[in-house]
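Engineer: Quick one: sequence and predicted model below, then my questions.
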Amino acid sequence: MNREGLLVEPNFEDINKYLQGGSRTEISNLIKRISWKLKGDTDGRSVRNILVWMNRNTARIHNGRDLRKFKRNATEILKSKERTGCCDSSTLFTALARSIGIPTMQIITLSKKWGEKVDKGISQGTEGHFFVASYLKDLRGKYSWVLIDTDREVRDIRDVRLETLNLEDRNMGDLYAFAYVSDYYDDLKIDSIKAMGDVQLKAYKQCNKRDFINRRDNEQEL
């Protein structure tokens, strides 16, 4: 994996690291109560149950200027029944998944097209996405890190897409990963939209743009 512009490196071998709650991903009693109701007979079913439950019980608010962004922990997001975007979605999912023993990390990306605008001096704000990667056992009993877009709308378990995470390639289509965190606040001190923009710009300036090559991920049967 290319290390240039990688602000937080993943530790794919330290599974326990991604089971512990943090400042934003704290595993409260409320999180525990809900997650255990969603636990399925397989890791894949548990993940699907969590995603469907999130879509049915919390609303995704499309407002890039919402001042709640990056300021709430998973329990606060849950109680509000509103997710302000991909950061909140990944935070809530991470806490719920960890609560039932599924190791999960948050992956923060930047938009390559946004980077082009930065180079031209015409960009403001941020453009990127938060994913998660969970360590799941597939139907053959093999464990692997699986990439999940927790902000994607799903109506039932058939809508859920799970893809094997490429452990060496940071490209995710038009997005490029720059941090693989246990908790975005604890690891990067992101606590506002401005702070997110500063972190993203710092990462982009350090990136090796020759590494911005699209590669496809493979779907995982779980």
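Structural biologist: Arrived safely.
Engineer: Pull out the buried positions in stretch 180-187.
Structural biologist: Of all the residues in stretch 180-187, those buried under the rule 16 or more other Cβ atoms under 10 Å are 180-185, 187. Yep, even glycine has a C-beta here, placed from its N, CA and C like the rest.
Engineer: Among those, which are located in strands?
Structural biologist: Within these, residues falling in strands by DSSP state E are 180-181.
Engineer: Just give me the closest of the buried residues of stretch 180-187 to Arg60.
Structural biologist: Tyr184 (18.0 Å; Cβ to Cβ).
Engineer: residues contacting that closest one?
Structural biologist: The contact partners of Tyr184, taken as Cβ atoms under 8 Å, 6 or more residues apart in numbering, are 24, 70, 87, 91, 106, 108, 130, 190.
Engineer: before we move on, what about Asn208?
Structural biologist: Asn208 sits in contact with 2, 4-5, where contact means Cβ under 8 Å, 6+ apart.
Engineer: Just the buried positions in the longest strand along the chain, please.
Structural biologist: The longest strand of the chain (DSSP E) is strand 128-137. Across strand 128-137, burial judged by 16+ other Cβ under 10 Å covers 128-136.
Engineer: returning to that earlier point: go through the buried residues of stretch 180-187 and name the one nearest Tyr18.
Structural biologist: Using Cβ to Cβ, the buried residues of stretch 180-187 come closest to Tyr18 at Ser182, 6.0 Å.
Engineer: I'd say the closest one and Gly22 touch.
Structural biologist: Yes: between Ser182 and Gly22 there is a contact under Cβ atoms under 8 Å: 5.9 Å.
Engineer: Okay, and which of the contacts of Tyr184 map to helices?
Structural biologist: Counting by DSSP state H, the members of the contacts of Tyr184 that fall within helices are 87, 91.
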